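S.K.: Could you work out the structure for the sequence below:
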Amino acid sequence: MKHITKILAILVAISAFWVGLLHSALVSQSQAWLLPVYLIISLGCYGLLMVGIGLMQFPTCPQEAVLLQQDVVEAKDFLRRNGVDVGSD
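M.R.: Sure, this is the predicted structure:
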């Protein structure tokens, strides 16, 4: 429950900042109305960047690959014993 309150607090702070910009003369009205769109676009870019970095640093696990191949062989043998055609090896 702590995580949701942190997210809500951040959203309230961002909303208050945005409303403050709408009522001040620091930024023009037309630019201030587009700030939520810019925020969503920048969050999307950040998300894509994090996914890309995660894919580039994806660890290889040779031990797990061997175990997975053993599981596949066992599953094919089980299916063959039960009369299921699993194709060619």
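S.K.: rest of the way, CA atoms for contacts and neighbours
M.R.: Will do.
S.K.: all helices for the chain, in order.
M.R.: Assigned by DSSP state H, the helices in the chain fall at 2-23, 29-33, 35-56, 62-81.
S.K.: Now distance to G87 too, for those helices, in CSV please.
M.R.: CSV is the format used below for those (distance: least, Cα to Cα, whole Å):
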stretch, distance to G87
helix 2-23, 48
helix 29-33, 59
helix 35-56, 32
helix 62-81, 9
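S.K.: Which other helices and strands does the helix or strand bottoming out on mean pLDDT in the chain contact?
M.R.: Ranked by mean pLDDT, DSSP states H and E, the weakest helix or strand in the chain is helix 29-33, scoring a mean of 78. Applying 3 or more Cα pairs under 8 Å, 6 or more residues apart in numbering; DSSP states H and E, one finds that helix 29-33 contacts helix 2-23.
S.K.: Neighbours of S42, how many?
M.R.: For S42, the neighbour count with other Cα atoms under 10 Å is 12.
S.K.: Please identify the buried residues of stretch 24-32?
M.R.: Across stretch 24-32, burial judged by 16 or more other Cα atoms under 10 Å covers A32.
S.K.: now do stretch 28-48
M.R.: For stretch 28-48, the neighbour count (16+ other Cα under 10 Å) marks A32 as buried.
S.K.: Residues contacting it, please?
M.R.: Under the contact criterion Cα atoms under 8 Å, 6 or more residues apart in numbering, stretch 28-48 has outside partners 18, 21-22.
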